[in-house]
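Asks: Sequence plus predicted model, see below.
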Amino acid sequence: MTHPSSLSYGRQWVNDDDIAAVCEVLRGDWLTQGPLVERFEQALAEYLGVGHVVVFASGTAALHGAFYAAGLKHGDRVLTSPLTFAATANAALYVGADPVFADIDYGTLCLDPLKADRKLAETPRVVKAIVPVSYAGYPFDITPFMIMARENGAILIEDACHAIGGSRENFRGDVKKIGFDADMTAFSFHPVKNITTGEGGAVATNISRFARRLQLFRSHGITRNHAEFKDVHAGPWHSEMRVLGYNYRLSEIHCALGLSQLKRLDSFVERRREIAGLYRQLLSGVRGVYQPPAATGHAYHLFPIRVPAEDRLPLFNHLAARDITPQVHYRPVHLQPYYRERFGYKTGDFPEAESFYDGALSLPMYPSLTDEDVEHVATGIREYFENI
Ligand SMILES: Cc1ncc(COP(=O)(O)O)c(C=O)c1O
């Protein structure tokens, strides 16, 4: 495996089979709206063990679709974690809803169910969707959120953009792939994610009415299904726009790549878990390094360590000098200037997320990393802390 000279935090792994699959589409009749969309959706549904998957042009579009399908509208509220990519909260704004946040649990780095419950009790307008994020691929316990959603008449939407290929044990004691438990689950296929289609995303659901709304939303709100027509069927060309949708389609080219990548998803995740194990071993006992929470079923999209805040930038620079470029996930959403200015958020509102962010550093984590690469990163970190 040849590497770029620098070790970044994430990277796709495209092989000759992937390239052949894409070339076959380019030589064929359908570049978009062809048979591979449904094939990719079926393959994902089978892999996840769910009734329906609807693919989208990105993870952000998938979240937008899920919020639309959940019936969110102007003035509704969406409860999520501040430790996420801006897109989780932005997608709520797209449908006119207001995102509200509850802090993370430092033990999981995911939305804290107790704080989420408290937030629901104190929020004046009704929260219509609860959106926990499986941050870094961590399979947080979803049962408290299922109960909370049911008790509050809210829809549970998991942002699992980090977590495809992960699994969790549910309250019945069954181990299910992430994507099975929530009312809807959003995934991303951006190149740094566990599989890629270039850009792309998907929503998984076991609820048929959500699946249909997602399909309509993805393609202009237009239907060709006779059973859904309001007007007289005028001829074979007849179609009807029933709701306001978007062009959020995923092309045949993307779906061919996705189908090919999906075959290797389990091996990718397995390698991510090995790499996490190696980091844990090599970094154990390094003073100043707080390792991310471990769990069976973790999908390890990221390996975010936390170091003392004053060491983060010097450590970043020390690693950069060794051709290693970590990344920071995430500046909490409520501290982004847009959210501060629009909603009046300030430092101190969600202290756990803020404290994690202050020292967070995501180390290189992708399946084509070699053991030597991982040792190179760990040695850089050890070296830094031994010399301060
Ligand atoms: C937690 C989370 N949600 C949503 C998204 C949006 O996905 P995409 O980049 O495919 O639009 C991302 C992507 O980085 C993400 O990490």
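Replies: Sure, I can see it.

Asks: ok, the residue most central in space within the chain - contacts?
Replies: Centroid check for the chain by C-alpha atoms, centre = their mean gives residue 161 as the closest residue, at 1.1 Å. By C-beta atoms under 8 Å, 6 or more residues apart in numbering, the contact set of residue 161 is 59, 85, 87, 133, 186, 187, 188, 190, 193, 201. C-beta here means a position set from N, CA and C on the backbone, and glycine is covered the same way.

Asks: From these, which land in helices?
Replies: Per DSSP state H, helices hold the following members of the contacts of residue 161: 59, 87.

Asks: ok, which of the contacts of residue 161 also contact the ligand?
Replies: When the contacts of residue 161 are filtered against the ligand using C-beta under 6 Å from any ligand atom, the residues retained are 59, 85, 87, 133, 188, 190, 201.

Asks: Where neighbours are concerned, which of the residues you listed has the most?
Replies: When neighbours are taken as other C-beta atoms under 10 Å, the top entry among those is residue 188 (31 neighbours).

Asks: Disregarding residues adjacent in the polypeptide, which is nearest to it?
Replies: Spatial nearest neighbour of residue 188, chain neighbours left out: residue 59 (2.7 Å); criterion: C-beta to C-beta, 6 or more residues apart in numbering.

Asks: so what pLDDT did that neighbour get?
Replies: Note for residue 59: predicted pLDDT of 98.

Asks: cool, and residue 113?
Replies: 98.

Asks: Likewise for residue 127?
Replies: Note for residue 127: predicted pLDDT of 94.

Asks: Check the gap between the closest residue to the ligand within the stretch 201-350 of the chain and residue 59 for me.
Replies: For the stretch 201-350 of the chain and the ligand, the shortest gap (C-beta to the nearest ligand atom) falls at residue 201, measuring 4.9 Å. Residue 201 is 4 Å from residue 59, where distance means C-beta to C-beta, to the nearest Å.

Asks: So for residue 186, what's the nearest residue that isn't a sequence neighbour?
Replies: Using C-beta to C-beta, 6+ apart and skipping residues adjacent in sequence, the residue nearest residue 186 is residue 62, 4.3 Å away.

Asks: I'd guessed that neighbour sits against residue 205; true?
Replies: No. Counting by C-beta atoms under 8 Å, residue 62 stays clear of residue 205, with 11.0 Å between them.

Asks: and the residue nearest to the centre of the chain, how far is that from the ligand?
Replies: 4 Å (C-beta to the nearest ligand atom, to the nearest Å).

Asks: Next, that residue: secondary structure please.
Replies: Per DSSP: H, G, I helix; E, B strand; the rest coil, the local secondary structure of residue 161 is coil.

Asks: for residue 17, same thing?
Replies: Put simply, residue 17 is helix when judged by three-state DSSP.

Asks: tell me the contacts of the residue nearest to residue 205 when sequence neighbours are not counted?
Replies: Sequence neighbours aside, residue 184 is the residue nearest to residue 205 in space, at 4.6 Å (criterion: C-beta to C-beta, 6+ apart). For residue 184, the contacting residues are 66, 69-70, 155-158, 203-205, 207, 210, 214, by C-beta under 8 Å, 6+ apart.

Asks: Give me the subset of these lying in helices.
Replies: Going by DSSP H, the helices hold 66, 69, 210, 214 from the contacts of residue 184.
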